[in-house]
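J.: Give me the fold of what follows.
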Amino acid sequence: MITFTGVSLLLMLIGFHLLPNVGRIQTIFYLTLLPATLLLLGWRRDWRFLRSWQFACFISVPVVLAVSTLWADNSTATVERDVSFYFKVLAYFFLFYCALYLVMEQRGEEMLHRWLRWLIALGTVSCAASLVVYGLDGGFSKLYRIGGISMQNNIDKTAMLYGFHVIFCCYGLSLDSRRWRALSWLGLGLGCAYIVVSQTKIPIVMAAFAICLAAVVSRSVVLRVLVLLGAVAVLPAAYLLLYGDLPLLHRSNAYSIRLELWAKSLEGFLQSPWIGSGLVHKQFIELHTVLPHPHNYLLDVARFAGLLGVAACVWQGVAIAWIGLRKDQLLSWVPGMYLIWFGFGVIAMLIYAQQPLVKPSYIWIFYWIPLAVLLVRDQLTAPRTETARSQEARLSQTSNHATLESHG
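T.: The predicted structure follows:
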């Protein structure tokens, strides 16, 4: 059953890259992961792993948002859902964390290395297919923004998916296998090409970061120089040639529109700053046009759950920062890659996303999956770390005692 649950988790990752509709990812989640996790919990009967600060941190935001529905005014909703809907979603988060914990408890850190290899392969296949479809549709002559074959053809969300992909490829470049290194170079090149024609700003930063990291990882000095030139010269030159301006200046009206949208969202927060107005499924925002959410998950949480919800979000961010600030964590591929994944995911959530209490969707791969991995890994390694520290303390005391006796 552990194997089946692990495969179910992997199928979700595959779905994000290859399935065109998010509803199919949710179907995978319902039909495989949920029943398998319930069976595992029933057989285990020992749920003490849920009495941890890591689990409390993970579930805090979903709990606050779900509870806030109890004081929400559904007459303000653009799209309504029954209160039970949100508590079902809360149960999905609970079971997802349990599934990940139970699998990682048995499989250990090797599973996280295997995930990175899968993500390199999946991203390369998905990106290649997206570019082929784009080319067949005349995209390279028209240079319209590419949408991709997954994520419901959404431009920004799919570009972020390949932004993560180019960073994962840097892990592949560190492997001893020539095949994995070749596949990773191919994936990095295809991903960067995709990101250029997506014209999406955060993935452009991610591509530049990945190119610099690839230069560091590269085993050839000549290749390292060429890769760095690609980041500082080729990428900006390609934008100047194709679009007439630099990457982060391209479509500059996106900045002003977001600032207006965020200012409008703050008005809702200020009406009830402590506990918010209560979560409703959709509450559209009217500016020059009607938009479904503020494109900033923290502001969306603030207007629905007030400072209580913001505090829960901040707790999650501080917890991951505390995990990542330890030098041995950040400078190793695992969890280093997952920390980078989470970091760029948070940036994307602050630019593109809505409140995070949703069924499996793009928010999960942006935010919830790397967050859960980092918290579960920390929870599983904490007992070993404490044991090692206590052993060191005992050895130190024994050594001091022996020294004192010798002097005596």
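J.: so Leu175, which of the three states?
T.: When states are read from DSSP: H, G, I helix; E, B strand; the rest coil, the local structure at Leu175 comes out as coil.
J.: Against Phe55, how distant is Ser361?
T.: Taking CB to CB, to the nearest Å as the measure, Ser361 falls 22 Å from Phe55. Every residue, glycine included, has its C-beta placed from N, CA and C.
J.: again, but for Trp368
T.: Using CB to CB, we find Trp368 at a distance of 13 Å from Phe55.
J.: More neighbours: which of these two?
T.: Trp368 (22 against 19; other CB atoms under 10 Å).
J.: Make sure the more buried one is indeed in a helix.
T.: Yes. Judged by three-state DSSP, Trp368 forms part of a helix.
J.: which one is it nearest to, not counting chain neighbours?
T.: When the adjacent residues along the chain are set aside, Trp368 lies closest to Pro356, with 6.9 Å between them (CB to CB, 6 or more residues apart in numbering).
J.: and that neighbour, that's in a strand?
T.: No. The assignment for Pro356, made by three-state DSSP, is coil rather than a strand.
J.: Can you list the low-confidence ranges for the stretch 151-300 of the chain?
T.: Counting by pLDDT under 70, the stretch 151-300 of the chain shows low-confidence ranges at 230-232, 246-256, 287-291.
J.: re the thing from before, how many neighbours does the residue nearest to Trp368 have?
T.: Under the criterion other CB under 10 Å, the count of neighbours that Pro356 has is 23.
J.: okay but it is in contact with Val61, surely?
T.: Yes. With contact defined as CB atoms under 8 Å, Pro356 reaches Val61; the gap is 6.3 Å.
J.: shared neighbours of the two, anything?
T.: Where contact means CB atoms under 8 Å, 6 or more residues apart in numbering, the residues bridging Pro356 and Val61 through contact with each are Val301.
J.: Next one: Tyr86 relative to Leu65, how far apart?
T.: 7 Å.
J.: now swap in Ile347 and tell me
T.: Counting by CB to CB, the gap from Ile347 to Leu65 is 21 Å.
J.: ok, now Ala305?
T.: The spacing between Ala305 and Leu65, counted by CB to CB, is 6 Å.
J.: re earlier: between Ile347 and Leu65, who's got more neighbours?
T.: Applying other CB under 10 Å to Ile347 and Leu65 shows that Leu65 carries more neighbours, namely 26 against 16.
J.: and the more buried one, what does it touch?
T.: Leu65 makes contacts with 86, 279, 301, 304-305, 309, 355-357, as judged by CB under 8 Å, 6+ apart.
J.: change it to 7 Å
T.: Contacts for Leu65 were tallied using CB atoms under 7 Å, 6 or more residues apart in numbering; they are 279, 301, 304-305, 309, 355, 357.
J.: Could you list the residues in contact with stretch 69-86?
T.: For stretch 69-86, the external contacting residues (CB under 7 Å, 6+ apart) are 66, 277-284, 357.
J.: start to end distance for it?
T.: Distances were taken as CA to CA, to the nearest Å; on that basis the terminal residues of stretch 69-86 are 8 Å apart.
J.: List the buried residues of that stretch.
T.: 69, 72, 77, 81, 86 (16 or more other CB atoms under 10 Å).
J.: can you give me the strands in the stretch 51-200 of the chain?
T.: In chain order, the stretch 51-200 of the chain shows no strands, with DSSP state E, counting those that start in this stretch as the criterion.
J.: what about the helices in it?
T.: When secondary structure is read from DSSP state H, counting those that start in this stretch, the stretch 51-200 of the chain shows helices at 53-68, 83-107, 110-136, 139-142, 155-173, 178-198.
J.: and what of the stretch 201-350 of the chain?
T.: When assigned using DSSP H, counting those that start in this stretch, the helices of the stretch 201-350 of the chain occupy the ranges 201-217, 221-229, 235-243, 253-271, 297-324, 327-330, 333-349.
J.: circling back to that earlier point, drop the exposed ones from the contacts of stretch 69-86 and show what's left.
T.: Looking at the contacts of stretch 69-86 with 16+ other CB under 10 Å, the buried ones turn out to be 66, 277-281, 283, 357.
J.: Name the nearest residue to Ser361, sequence neighbours excluded.
T.: Val22 (5.0 Å).
J.: got it, and Val103?
T.: Leaving aside its chain neighbours, Val103 sits nearest to Gly6 (4.6 Å; criterion: CB to CB, 6+ apart).
J.: quick one: which two of the contacts of stretch 69-86 are the most distant?
T.: Based on CB to CB, the longest span within those runs between Ala66 and Phe284 and measures 21.3 Å.
J.: Spatially central residue in the protein, please.
T.: For the chain, the residue whose C-alpha lies nearest the mean C-alpha position (CA atoms, centre = their mean) is Phe366; its distance is 2.9 Å.
J.: so that residue makes contact with Ala348?
T.: Yes. Between Phe366 and Ala348 a contact is recorded at 5.3 Å, counting by CB atoms under 7 Å.
J.: so what sits against both of these two?
T.: Common contact partners of Phe366 and Ala348 (CB under 7 Å, 6+ apart): Met160.
J.: How much space separates Ala128 from Val196?
T.: The value you get for Ala128 to Val196, if CB to CB is used, is 15 Å.
J.: Could you check which of those two has the larger neighbour count?
T.: The residue with the greater number of neighbours, taking Ala128 and Val196 and applying other CB under 10 Å, is Val196; the counts read 22 against 17.
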